[in-house]
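>>> no FASTA, just this:
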């Protein structure tokens, strides 16, 4: 009797299995460069988009998450792992992640997010003319607006400093753009290179010695991951620090303009859902963020000798104090 019951149950399962996709059969592989706050927020937004549309890891999709911990060789190995496992979709969080994914496949669909310039990474020529297996959401920052904010808050500024990571394509791109836009405002850019996040503290101290009027830190994955060290040096030396991403005002920056990375990740999640439903990445245009947000931190500004004009405070989307520091939450 028991054998007959087991046979009936197995037969029933096989018959039903041909009518709907087995739970967790669709594998979404996420490649994140490191634990930078921008990338973490993008991941959270991405997964929220899936959940809001009825997809949950372990139930009707499988999510394979890998963190490269800032090591480029490790990121490439992870991309190769995804290729060998023949995952259904790769989510590339950061420019190095996108480069690694593009290196291993031209067939598996790729959705990028938190990528400053997907064209430099080899994803295509324009938002509509791109590789057939790639699409996503660009994170190109509002460099021009951010530098204009610096001049508004510190009108006398002539020399600004920044750290950058030469091994990151996006960091080089941002530095070039910063130099171009700064020149139009009469600002000289002093840039100090770093090789990894462990160099942020000493390099920022070296930058201070260059007699700069402010640190205007470009956003890159390596520095974003260790931004608190930069904030510490700015406070100790009473030098204004402006961040290249909104979370930096929770880590030591007096002000920052940029994007909501959770929203950016959510947009990428919606694109992933389009692809899961059968739409080709080739037909999905690259997307961009369009709402520039302004965050300021009053306590960090005080430590750095910054006094915000009333107009800046009135249009700020978020005003923080020490109680809002990321390290305290």
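In hand now; what should we look at? Just so we're clear, the structure is a prediction, and the values are computed from it rather than from any experiment.
>>> show me the shaky parts of the stretch 1-150 of the chain.
Counting by pLDDT under 70, the stretch 1-150 of the chain contains low-confidence ranges at 1-24.
>>> what segments of it are helices?
Ranges of helices within the stretch 1-150 of the chain are 2-17, 37-52, 72-85, 95-104, 143-153, based on DSSP state H, counting those that start in this stretch.
>>> who touches the second one?
The one in question is helix 37-52. 28, 30, 32-33, 56-57, 61, 63, 65, 91, 93-94, 113-114, 139, 219, 221, 224, 227, 245, 247, 251, 260-270, 272-273, 326 (CB atoms under 8 Å, 6 or more residues apart in numbering). C-beta here means a position set from N, CA and C on the backbone, and glycine is covered the same way.
>>> tally of neighbours for residue 195?
Residues lying near residue 195 (other CB atoms under 10 Å) number 11.
>>> now for it: which residues touch it?
Contacts of residue 195 (CB under 8 Å, 6+ apart): 165-167.
>>> I'd say residue 89 and residue 55 touch.
No: contact criterion CB atoms under 8 Å: residue 89 and residue 55 do not qualify, at 11.6 Å.
>>> so what sits against both of those two?
Contacts common to residue 89 and residue 55, judged by CB under 8 Å, 6+ apart, are residue 276.
>>> just the endpoints, please. Distance across stretch 232-240?
11 Å (CA to CA, to the nearest Å).
>>> repeat that for stretch 302-318.
Stretch 302-318 end-to-end distance (CA to CA) = 17 Å.
>>> ok, the spatially most central residue of the chain to residue 263 distance?
Centroid-nearest residue in the chain: residue 114, 3.5 Å away (criterion: CA atoms, centre = their mean). Between residue 114 and residue 263 the computed distance is 12 Å (CB to CB, to the nearest Å).
>>> report the secondary structure element holding the nearest residue to residue 95 once chain neighbours are set aside.
Closest residue to residue 95 apart from its sequence neighbours, by CB to CB, 6 or more residues apart in numbering: residue 170 at 4.1 Å. Counting by DSSP states H and E, the element that carries residue 170 is helix 169-184.
>>> residues touching that helix, excluding its own?
By CB under 8 Å, 6+ apart, the surrounding residues in contact with helix 169-184 are 94-96, 99, 115-117, 120-121, 141, 143-144, 147, 160, 162, 164-166, 188-189, 191, 216, 218-223, 244.
>>> do that again at 7 Å, thanks
95, 99, 116-117, 120-121, 141, 143-144, 147, 160, 162, 164-166, 189, 191, 218-220 (CB atoms under 7 Å, 6 or more residues apart in numbering).
>>> which ones among the residues you listed map onto strands?
Using DSSP state E, the subset of those located in strands is 160, 162, 164, 189, 191.
>>> for PyMOL, write a command that selects the buried ones of those residues.
To isolate the buried subset of the ones in strands among the contacts of helix 169-184 in PyMOL, counting by 16 or more other CB atoms under 10 Å, use the following:
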select buried, resi 160+162+164+189+191
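>>> ok so, going back, among the contacts of helix 169-184, which ones are buried?
Buried members of the contacts of helix 169-184, scored by 16+ other CB under 10 Å, are 95, 99, 116-117, 121, 141, 143, 147, 160, 162, 164-165, 189, 191, 218-220.
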